[in-house]
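1. Sharing a sequence plus its predicted fold:
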Amino acid sequence: MRDEVKATANGPNGDLSGRVIDGPTNPMVTPLLTDLYQFTMAYAYWKAGKHQERAVFDLYFRKNPFGGEYTIFAGLEECIRFIANFKIAEEEISFIKQCLPPSCEDGFYDYLREVNCSDVEVYAIPEGSVVFPKVPLLRVEGPIAVVQLLETPFVNLINYASLVTTNAARHRFVAGRSKVLLEFGLRRAQGPDGGIGASKYCYMGGFDATSNVAAGKLFGIPVRGTHSHAFVSSYMSVDEIAEKSLRSSDGSTTCEDFVSLVQSWLGKIQRSKSLHGIFGETNLSELAAFTSYALAFPTNFLALVDTYDVMRSGIPNFCAVALALHSLGYKAIGIRLDSGDLAYQSCEARKFFYSVENEFGVPDFGKTTITASNDLNEETLDALNKQGHEVNAYGIGTYLVTCYAQAALGCVFKLVEINNQPRIKLSEDVSKVSIPCKKRSYRLYGKEGYPLLDIMIGEYEPPPKVGERILCRHPFSESKRANVVPQHVEELLKCYWPGLSGKRREELPPLKALRERCMEQLGQMRPDHMRRLNPTPYKVSVSAKLYDFIHFLWLNEAPVGELE
Ligand SMILES: Nc1ncnc2c1ncn2[C@@H]1O[C@H](COP(=O)(O)OP(=O)(O)OP(=O)(O)O)[C@@H](O)[C@H]1O
Ligand SMILES: O=P(O)(O)OC[C@H]1O[C@H](OP(=O)(O)OP(=O)(O)O)[C@H](O)[C@@H]1O
Ligand SMILES: O=C(O)c1cccnc1
Ligand SMILES: [Mg+2]
């Protein structure tokens, strides 16, 4: 076990407020959850006497995922929990010693024993925000050896979190606001952490609930579920139901034989004129399963109707049980469809429910909830919308949590300044050239209230002002520029870990608030940035001064070739 470590965060004005920030959700997130090269570099910095030099790193991504033009930023809280509790335990030091060559001096391990993040500053865009390529999500400043150790864990904590939150938000966008979205991915997720993370971040991205019980407990996410085919096929006949009595919902009467009540309702449905001919004999083992489930959950009866035949068996059997429940004052919740043509079946089921409503005078029976599942993704949701359907809720697993359409976001952590000297990373590929300098970033809003663009400026440049024209330049393309007169200016980077600066630390909002922020931010975007097909790219720019400086530094650092 790791040594117990507890950290306090700097409170307002740098006073130690004594507020405790819990450690990361996953106890595997320790200082060792990093790449070996972070420790080898830390040693080399230390050996050179350079380890305390003040460095600034930016964490950003280069391209929006899923062919879209936006990303949702997630994972910040876990990063802050990590640094708030960063302390290398003795047994971890021993292991680092085993990993490094024996020539490494003991003084380094004495240094590592004392390392914490009290002198590190983290500025970040609020979690749950809509974000764009190249704009720093985090700006991390501190002693270079320490900040270097944070690279891999930070990128790890943000990469999947932001990717899956974005995936969830995209599924929400296609499904529409009125649909209930249930995350069913635990069994298909990339291991336990993938499963827990998916549930947390899909909720942030706009899902309503998860089937993952542990995630419900950890994060307060609503937990929901139905039943599986195994439950249905485990029944052979109603004879297996030992306890057949059911009290009415108001407790005034008791039906001694609910099984017979269900059977009599099935007979009425079969004999009804308007429903006549739609089906003949239903599967009676399925009827037994539904009846048994209703006896167990009379207030929450929801049946999986596709085990044998949706229209000839599942739907009429469900209706028989639902009507029996209704006659005792209960209201059935609905059905789940898990195979076949979900658009067609949902429409047929809806028609049947309305026919039952009319035939037996059961108010709102036509509105019974239809849940659909089975390998759903953005494309299938889009196809269902185009065809027309009657689904109220979707259960989505594999494609959502594995981020099947794109495996990683590709976040990077790049040095932009050391000892107040701006640094640049060059590349043959212009999109990989880093934007140097300790920067500030702003979102500029236009007349119609939409965000127009994000702009990065040098730390000491005057910030953009409302009503004042500012030239915004593409960081690498000379001809791309625009004058903007913002109607509203929002500074993007806020202080989440003040180090010794004495700044006020932003609170870490609860998950529900992050979810609301995410919804609100998405709702603010201009629709053409959000559409699935050929969305308009959102502009990310730099000030004229920063543009000139990038290109000055670029020329300065790029060696001049010799031709013979
Ligand atoms: N109306 C529809 N339009 C487009 N895609 C649909 C429609 N209905 C269902 N789908 C999708 O078609 C695919 C059907 O997959 P598949 O053929 O493997 O399942 P199935 O045979 O219906 O069911 P299972 O094999 O699970 O019993 C799923 O990805 C499902 O989400
Ligand atoms: O399809 P997903 O988006 O991953 O959603 C979760 C799936 O998990 C369950 O069945 P499972 O896939 O285990 O078995 P089944 O497909 O044979 O019903 C459920 O019935 C869904 O189909
Ligand atoms: O509750 C459900 O219906 C459920 C949960 C996980 C996976 N598939 C379905
Ligand atoms: Mg399946």
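-> Nice, thanks for sending it over. Ligands and ions are numbered 1, 2, ... in the order given.

2. Quick check: residues of the stretch 451-564 of the chain near ligand 1?
-> The stretch 451-564 of the chain comes close to ligand 1 at no residue, as judged by Cβ under 6 Å from any ligand atom. Yep, even glycine has a C-beta here, placed from its N, CA and C like the rest.

3. Which residue is it, in the stretch 451-564 of the chain, that comes closest to ligand 2?
-> Arg532 (19.1 Å; Cβ to the nearest ligand atom).

4. what do you get for the stretch 201-350 of the chain?
-> Residue nearest to ligand 2 within the stretch 201-350 of the chain: Asp338 (4.5 Å; Cβ to the nearest ligand atom).

5. Got phi/psi on that residue?
-> The phi/psi pair for Asp338 (degrees, to the nearest 10) reads phi -130, psi 20.

6. So what's the residue count around it?
-> The tally of other residues near Asp338 (other Cβ atoms under 10 Å) stands at 20.

7. ok, now which ones touch it?
-> His229, Leu304, Asp306, Ala372, Ser373, Asn374 (Cβ atoms under 8 Å, 6 or more residues apart in numbering).

8. most surrounded residue in those residues?
-> Within the contacts of Asp338, most neighbours by other Cβ under 10 Å means Ala372, with 26 neighbours.

9. Quick check: it vs Asn392, distance?
-> Note on Ala372: its distance to Asn392, by Cβ to Cβ, to the nearest Å, is 9 Å.

10. near ligand 2, anything from stretch 403-419?
-> No. Between stretch 403-419 and ligand 2, judged by Cβ under 6 Å from any ligand atom, nothing touches; the nearest distance is 9.7 Å.

11. Go ahead and measure how far that stretch is from the middle of the chain.
-> 17 Å (Cα atoms, centre = their mean, to the nearest Å).

12. Tell me, how many residues neighbour the residue of the stretch 451-564 of the chain closest to ligand 2?
-> Neighbours around Arg532, by other Cβ under 10 Å: 14.

13. Any idea which residue of the stretch 251-400 of the chain lies closest to ligand 2?
-> As assessed by Cβ to the nearest ligand atom, ligand 2 sits closest to Gly397 within the stretch 251-400 of the chain, at 2.8 Å.

14. Over to the stretch 51-200 of the chain?
-> Counting by Cβ to the nearest ligand atom, the stretch 51-200 of the chain gets nearest ligand 2 through Phe184, at 4.1 Å.

15. so that residue makes contact with Ser211?
-> Yes. If you go by Cβ atoms under 8 Å, Phe184 and Ser211 touch, sitting 5.0 Å apart.

16. Pick out whichever of those two has more residues nearby.
-> Phe184 (25 against 19).

17. Tell me the predicted confidence for that one.
-> The model reports Phe184 with a pLDDT of 98.

18. Make residue 1 into 52 and carry on from there
-> All set: I'll call the first residue 52, so the last point we hit is now Phe235.

19. which residues sit in contact with it?
-> Phe235 sits next to Thr261, Ser262, Ser424, Gly446, Ile447, Gly448 when contact means Cβ under 8 Å, 6+ apart.

20. repeat for Gly119
-> Gly119 touches Thr217, Arg221, Met581, Arg583, Pro586, counting by Cβ under 8 Å, 6+ apart.

21. Just the buried residues from those residues, in ChimeraX please.
-> ChimeraX command restricting the contacts of Gly119 to the buried ones, with burial defined by 16 or more other Cβ atoms under 10 Å:
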select :217,221,581,586
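
22. Turn the contacts of Gly119 into a markdown table, including distance to Thr122.
-> A markdown table is the format used below for the contacts of Gly119 (distance: Cβ to Cβ, whole Å):
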| residue | distance to Thr122 |
| --- | --- |
| Thr217 | 5 |
| Arg221 | 10 |
| Met581 | 12 |
| Arg583 | 15 |
| Pro586 | 12 |
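
23. Among the contacts of Gly119, which are located in helices?
-> Thr217, Arg221, Met581 (DSSP state H).

24. would you list these in TSV and tack on pLDDT and distance to Gly246?
-> What follows is these, written out as TSV (pLDDT from 0 to 100; distance: Cβ to Cβ, whole Å):
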residue	pLDDT	distance to Gly246
Thr217	98	18
Arg221	98	20
Met581	97	28
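
25. before we move on, the earlier item: farthest-separated two in the contacts of Phe235?
-> Longest distance between any two of the contacts of Phe235 is 13.6 Å, between Thr261 and Ser424; criterion Cβ to Cβ.

26. circling back: show me which of the ones in helices among the contacts of Gly119 is closest to Gly385.
-> Arg221 (25.7 Å).

27. Surely the closest one and Glu430 touch.
-> No. Using Cβ under 8 Å, Arg221 is not in contact with Glu430; the gap is 10.9 Å.

28. Now do Thr495: how many residues are near it, please.
-> To be clear, residue 495 is Leu; Thr isn't right here. 22.

29. A helix includes it, no?
-> No. With DSSP: H, G, I helix; E, B strand; the rest coil as the criterion, Leu495 is assigned strand and is not in a helix.

30. Please name the nearest non-neighbouring residue to it.
-> Pro537 (3.9 Å; Cβ to Cβ, 6 or more residues apart in numbering).

31. Number of residues surrounding the one you found?
-> Counted with other Cβ under 10 Å, the neighbours of Pro537 add up to 24.

32. What is the neighbour count of the spatially closest residue to Asp415 that is not a sequence neighbour?
-> Nearest-residue entry for Asp415: Glu408, 7.2 Å, with adjacent residues in sequence omitted and distances by Cβ to Cβ, 6+ apart. Applying other Cβ under 10 Å, we find 16 residues neighbouring Glu408.

33. So is the helix or strand containing Glu408 next to ligand 2?
-> Using DSSP states H and E, Glu408 sits in helix 393-411. No. Judged by Cβ under 6 Å from any ligand atom, helix 393-411 and ligand 2 are separated, with a smallest distance of 11.0 Å.

34. so, in contact with ligand 1 or not, that helix?
-> Yes. Counting by Cβ under 6 Å from any ligand atom, ligand 1 has neighbours in helix 393-411: Leu393, Ala394.

35. can you put the ones in helices among the contacts of Gly119 in TSV and add distance to Cys155?
-> Listed next are the ones in helices among the contacts of Gly119 as TSV, based on distance: Cβ to Cβ, whole Å:
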residue	distance to Cys155
Thr217	41
Arg221	47
Met581	52
